[in-house]
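Asker: Generate a structure from the sequence data that follows.
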Amino acid sequence: MEERTASIILATLSLVLLGSASAPARNIGDLHEAMEAQPAQSLLPAQVATKDHQNEHQLLQGNRTVLGKVEAVTSDQIKVDIGEVQPRFLPLKQAQQKNFPAIKPGDDLVIVVNEQNLIVDYHPLEYPSGHHKVLRGAIASNMPIGHDRVVIKGADGKEQSFNVRSQVRSKLASIPVGTPAIFLIDETNHVADATFASVSAAKEAHRNPEDKSPIKGANRQVDGTVGEPLRADRITLKTGDGERSFEVRDVMIERTSKLRSGDSVILMVDNENKVVDMAMPPQESR
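Answerer: The predicted structure follows:
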């Protein structure tokens with residue numbers, strides 16, 4: 001029991017920059033003090049900043065850390081219980097990218113959930129997670145179609161390119177080019193979360209919506225019934241034109257996994273032919 005308690009404490013401390021379920025997110029001044037305590041070689045150039053940000057947003061406001069128990073593991077998903085009514089489903093691919101030990105039923109995971117109730121990161125309880133970086137800067141140019149990559153210009157003027165986790169792509173696309181922001185970079189050099197750097201930056205973004213990354217092509221609607229439920233990140237729909245198979249983006253894995261053969265559904269598909277949203281059509285009254 002004592003060993004498990006110590007592990008939980010260490011895991012929670014390792015994510016202190018992300019906040020916790022029982023305490024509010026730390027403010028920017030606190031963040032800078034914590035960053036200064038890190039070894040210099042672990043910091044990105046854009047992390048160097050002053051402490052005069054009294055009125056800025058709390059860092060990644062609303063993020064919370066929870067513990068989850070693995071219920072099942074398939075070839076592509078991890079089913080985990082975090083104390084909610086419904087289980088959560090995590091992409092196994094992310095664990096493989098980070099070289100985590102094999103995850104099996106009964107394992108405990110430390111999970112980070114953002115203010116939109118989306119899972120932005122996770123790692124095994126016994127596995128240290130000290131490789132997150134907080135990067136201060138601004139989006140340098142419009143994100144490409146699909147919003148899967150972003151170029152960030154740091155405080156020193158240097159630009160760095162990062163892949164973007166699927167669950168935060170729309171969030172990044174809502175941050176106008178050139179607007180000061182804070183980005184959370186995970187162990188695999190992906191942007192895992194982001195927020196405006198200050199209240200004034202958020203207000204400025206609302207005044208200049210034309211500077212946001214364009215969608216570059218509206219998502220299209222596909223109506224039909226489920227032919228083959230979700231399997232290996234793909235779902236097959238029976239439509240008026242025959243059966244069609246679509247890849248499902250990570251952020252939609254949990255919702256589409258609940259669909260069964262014969263269910264009527266409306267899928268929203270982006271210009272990469274991947275499912276980005278879904279809706280159930282209204283039932284006909286009898």
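
Asker: Tell me where the stretch 101-250 of the chain has helices.
Answerer: With DSSP state H, counting those that start in this stretch as the criterion, the stretch 101-250 of the chain has helices at 169-173, 199-207.

Asker: Going by neighbour count, which residues in the first one are buried?
Answerer: The reference is to helix 169-173. 169, 171-173 (16 or more other Cβ atoms under 10 Å). In short, each C-beta sits where N, CA and C put it, glycine included.

Asker: and if you look at the longest one?
Answerer: By neighbour count with 16+ other Cβ under 10 Å, helix 199-207 contains the buried residues 201-202, 204-205.

Asker: what do you get for stretch 115-123?
Answerer: For stretch 115-123, burial by neighbour count (16+ other Cβ under 10 Å) applies to 118-123.

Asker: which one of those is nearest Asn99?
Answerer: Lowest distance from Asn99 to the buried residues of stretch 115-123 (Cβ to Cβ) belongs to His123, with 10.9 Å.

Asker: could the helices of the stretch 101-250 of the chain go into TSV alongside distance to Gly224?
Answerer: Formatted as TSV, these follow (distance: least, Cβ to Cβ, whole Å):
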stretch	distance to Gly224
helix 169-173	24
helix 199-207	37
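
Asker: Of the ones you listed, give the one that comes closest to Val269.
Answerer: Across the helices of the stretch 101-250 of the chain, closest to Val269 is helix 169-173 (Cβ to Cβ), at 15.0 Å.

Asker: What is the closest one packed up against?
Answerer: strand 190-196 (3 or more Cβ pairs under 8 Å, 6 or more residues apart in numbering; DSSP states H and E).

Asker: how about the CA coordinates for the strand it packs on, as CSV?
Answerer: Output of strand 190-196 as CSV, limited to C-alpha atoms (Å, rounded to 0.1, in the frame of the first residue of the first chain):
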residue,chain,number,x,y,z
HIS,A,190,3.7,16.6,-30.9
VAL,A,191,1.7,19.5,-29.7
ALA,A,192,-0.6,18.0,-27.1
ASP,A,193,-2.4,21.2,-25.9
ALA,A,194,-2.3,25.0,-26.3
THR,A,195,-3.9,28.1,-25.0
PHE,A,196,-3.7,31.9,-25.4
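
Asker: State the pLDDT value of the residue lying closest to Asp148 once chain neighbours are set aside.
Answerer: Of all residues not flanking Asp148 in the chain, Val164 sits nearest, at 5.5 Å (Cβ to Cβ, 6 or more residues apart in numbering). Listed pLDDT for Val164 reads 89.

Asker: My guess is Val150 contacts Arg165. True?
Answerer: No. Here Val150 lies out of contact with Arg165, judged by Cβ atoms under 8 Å, at a distance of 10.9 Å.

Asker: Would you map out the domains in this protein?
Answerer: 2-124, 133-211, 220-279 (automatic domain parsing).

Asker: Please work out which of those is packed deepest.
Answerer: With neighbours defined as mean count of other Cβ atoms under 10 Å, these peak in mean count at domain 133-211, which reaches a mean of 18.

Asker: for the nearest residue to Val168 once chain neighbours are set aside, which residues make a bridge with it?
Answerer: Once flanking residues are discounted, Val168 sits nearest to Asp193: 5.6 Å by Cβ to Cβ, 6+ apart. Taking DSSP bridges as the rule, Asp193 bridges to Leu184.

Asker: how close does Asp193 get to Ile175?
Answerer: The gap separating Asp193 from Ile175 is 12 Å, by Cβ to Cβ, to the nearest Å.

Asker: for Val73, phi and psi?
Answerer: Here is the backbone geometry of Val73 (degrees, to the nearest 10): phi -130, psi 130.

Asker: got it, and Gln94?
Answerer: With angles defined as degrees, to the nearest 10, Gln94 sits at phi -60, psi -40.

Asker: quick one: contacts for it?
Answerer: 122, 188 (Cβ atoms under 8 Å, 6 or more residues apart in numbering).

Asker: Does Cys273 touch Arg244 like I think?
Answerer: Check again: residue 273 is Asn, not Cys. No. Taking contacts as Cβ under 8 Å, Asn273 lies outside contact range of Arg244: 9.2 Å.
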